[in-house]
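Participant: Provide a 3D model corresponding to the input given below.
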Amino acid sequence: PLFSFLYNHVPEFNKFRGFAKFIWLAAIFLSMLAAIGMDQLLKTKRTPLGFIIPCGLLTITTAVAAFSVNHANWWRQLLRREQQTYSQEIPDYLSLDKTFLIQTNELATQTLVITAISAAILTTLLVLSNRRRPTACIGLVVLASVELWGFASHSLITFDPHFPYPPKIVKFLDDHPGAC
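Facilitator: Predicted coordinates for the structure are as follows:
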């Protein structure tokens with residue numbers, strides 16, 4: 001009942017599809033967690049290992065995942081299995097050709113490498129914060145700013161309302177607002 005009301009009466013709410021309209025809640029929550037973490041770093045004399053160890057593990061995990069996606073065949077197998085599972089629901093023009101598989105493989109690898117580098121820098125700053133707290137805190141603010149700028153400058157609008165979608169898709173979306 002609430003979704004239908006919001007979709008029909010709140011301006012611009014119907015422009016988003018699926019979960020995109022709720023991501024702002026996650027962004028606010030993550031901002032709050034980041035502020036609490038920064039406050040904790042500024043108030044304590046030593047950075048707890050509970051901050052450092054998970055960041056180090058994230059660095060290792062994402063580096064291994066990036067290597068694995070780039071050098072193993074499981075990425076293509078996973079996408080092909082998904083296509084076979086949902087073959088009735090995937091239109092022909094979205095079939096998994098070789099170019100698409102290569103592009104998604106490269107994008108996944110690139111994203112994981114960026115995450116691993118960011119996590120390595122964060123881990124280094126957290127270790128450094130035990131000796132040079134002001135320098136490390138400034139480094140954390142710079143890292144956060146660079147991450148934000150990088151994300152914002154490389155984000156693309158992914159839903160073009162003027163794209164000539166097939167009539168069946170347009171009819172489905174009109175009949176089922178917010179279903180996708």
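Participant: State the pLDDT value of Cys180.
Facilitator: pLDDT recorded at Cys180 is 50.
Participant: The residue lying closest to Trp74 once chain neighbours are set aside sits in which helix or strand?
Facilitator: Spatially, and ignoring its direct neighbours in sequence, Trp74 is nearest to Ser68 (7.3 Å; C-beta to C-beta, 6 or more residues apart in numbering). Every residue, glycine included, has its C-beta placed from N, CA and C. Per DSSP states H and E: Ser68 is located in helix 49-71.
Participant: Name the single longest helix found in this protein.
Facilitator: helix 98-128 (DSSP state H).
Participant: ok, back up a step: relative to Thr111, how far out is the residue nearest to Trp74?
Facilitator: According to C-beta to C-beta, to the nearest Å, Ser68 stands 13 Å off from Thr111.
Participant: isn't Tyr7 right next to Pro177, touching?
Facilitator: Yes - here Tyr7 lies in contact with Pro177, judged by C-beta atoms under 8 Å, at a distance of 5.3 Å.
Participant: sorry, back to before: tell me what the longest helix of the chain is packed against?
Facilitator: In this structure, helix 98-128 packs against helix 49-71, helix 74-85, helix 133-154, with contacts taken as 3 or more C-beta pairs under 8 Å, 6 or more residues apart in numbering; DSSP states H and E.
Participant: most tightly surrounded among these?
Facilitator: The highest mean neighbour count among the helices and strands packed on helix 98-128, using mean count of other C-beta atoms under 10 Å, belongs to helix 49-71: a mean of 15.
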